[in-house]
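K.L.:
Give me a model of this one.
(one chain, ligands or ions: 3)
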Amino acid sequence: MVRSWLGFWKVRRDKNESERAEELGKAIDYDRLPIHIAIIMDGNGRWATRRGLPRAMGHRAGVESLREIVKACSSLGIKYLTVYAFSTENWKRPAEEVNILMDLLVEYLEKEIHELHENNVRIKAIGRIDELPKKAREALYRDEEYTRKNSGLTLNLALNYGGRNEIVEAVKRIGREIAGDKLNPDEVTEEVIAGYLYTAGIPDPDLLIRPSGELRISNFLLWQAAYSEFWYSPVLWPDFRKVHLLEAIVDYQRRQRRFGGLKTK
Ligand code: IPE
Ligand code: IPE
Ligand code: MG
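P.N.:
Ligands and ions are numbered 1, 2, ... in the order given. Now for the predicted structure:
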């Protein structure tokens, strides 16, 4: 009985969601899509705890959301999607949870890589990848190489990523160039600094999404998000579906970006 009621509820939810997704799909202006979307995939632990499940189950459910959102971005024609999967601060968590997250990453890549490749998706890892466990590091390097020539969506996986650490690393490299007389300090511009970040050559995110109700940046894309449009949602990442992505895009398209200038028209 409980099962059938749950099933009924799910069908209803799916139906409402798909109707809403269809409506939103029609409301989108496909000529003004964000070029780069960034997402802080947050709320996995709370999703599991609320169901009396171990946190690991929340992370596993979160992978399903990632799958759906990557597919949706790819078919919408979004050029860049950057997802925050593991921060430089997430090492503070119990080793068991860290290990589960690393295993899930490897599993995700193994299961998805062929479909991603068929869909012309290019994989790129951003963060201190050299400090990740060997199996995660190798899977990332392998899949970056495998999808290197793809020209559809670029999926940036932010792993062992911290915005401050990224800037520190850039400053170190710039310092070495100056010390080696390869760069003149007077020629350091914003563009030069951007060229030393993990995201070199990638336009700044237009839209930055954070689910799970938290209203903070948590060390994500500090430099790049200077003029990103923020979109928050109380929905936890494992419940985040295409419909929520479409809501965020429609909302983004209603906003006026001024970049410090004045309202045009
Ligand atoms: C996001 O979910 C996943 C990572 C940070 C790796 P959390 O694990 O932070 O989930 P909450 O915030 O505890 O609910
Ligand atoms: C941000 O979420 C990092 C990722 C989603 C990978 P956290 O859960 O680590 O952030 P805080 O601790 O709530 O700021
Ligand atoms: Mg969290």
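K.L.:
C-terminal to the lowest-mean-pLDDT helix or strand in the chain, what's the next element?
P.N.:
None of the helices or strands of the chain scores lower by mean pLDDT, DSSP states H and E than helix 2-27, at a mean of 78. As assigned by DSSP states H and E, the chain's next helix or strand after helix 2-27 is strand 36-40.
K.L.:
Around ligand 1, pick out the residues from the stretch 151-265 of the chain.
P.N.:
Ser212 (Cβ under 6 Å from any ligand atom). Glycine gets a C-beta too; all of them are placed from N, C-alpha and C.
K.L.:
Quick check: closest non-adjacent residue to the residue positioned nearest the centre of the chain.
P.N.:
Taking Cα atoms, centre = their mean, the centroid of the chain lies closest to Val83, which sits 1.4 Å from it. Spatial nearest neighbour of Val83, excluding adjacent residues (Cβ to Cβ, 6 or more residues apart in numbering): Ile39 at 5.1 Å.
K.L.:
Any idea which residue of the stretch 1-150 of the chain lies closest to ligand 1?
P.N.:
Going by Cβ to the nearest ligand atom, ligand 1 is nearest to Gly45 of the stretch 1-150 of the chain, at 2.7 Å.
K.L.:
my guess is that residue contacts Arg55, does it?
P.N.:
Yes. Counting by Cβ atoms under 8 Å, Arg55 is a contact partner of Gly45 at 4.5 Å.
K.L.:
still on that earlier bit, which parts of the helix or strand the residue of the stretch 1-150 of the chain closest to ligand 1 falls within are buried?
P.N.:
Using DSSP H and E, Gly45 maps to helix 44-50. Residues of helix 44-50 classed as buried by neighbour count (16 or more other Cβ atoms under 10 Å): Asn44, Gly45, Arg46, Trp47, Ala48.
K.L.:
Give me the next element, helix or strand, following that helix.
P.N.:
Defined by DSSP H and E, the subsequent element after helix 44-50 is helix 55-76.
K.L.:
who's in contact with that next one?
P.N.:
28, 30, 33, 37, 39, 41, 43-49, 51, 81, 83, 97, 100-101, 104, 107-108, 112, 116, 119-121, 152-153, 155, 236-242, 245-246, 249 (Cβ atoms under 8 Å, 6 or more residues apart in numbering).
K.L.:
Can I get the next helix or strand after that helix in PDB, CA atoms only?
P.N.:
Next helix or strand after helix 55-76 toward the C-terminus (DSSP H and E): strand 80-87. The C-alpha coordinates for strand 80-87 follow below in PDB (Å, rounded to 0.1, in the frame of the first residue of the first chain):
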ATOM      1  CA  TYR A  80      30.400  25.600 -20.200                       C
ATOM      2  CA  LEU A  81      29.200  24.000 -17.000                       C
ATOM      3  CA  THR A  82      31.400  24.200 -13.900                       C
ATOM      4  CA  VAL A  83      30.300  22.000 -11.000                       C
ATOM      5  CA  TYR A  84      31.800  22.300  -7.500                       C
ATOM      6  CA  ALA A  85      32.300  18.700  -6.400                       C
ATOM      7  CA  PHE A  86      35.000  18.800  -3.700                       C
ATOM      8  CA  SER A  87      36.500  21.900  -2.100                       C
END
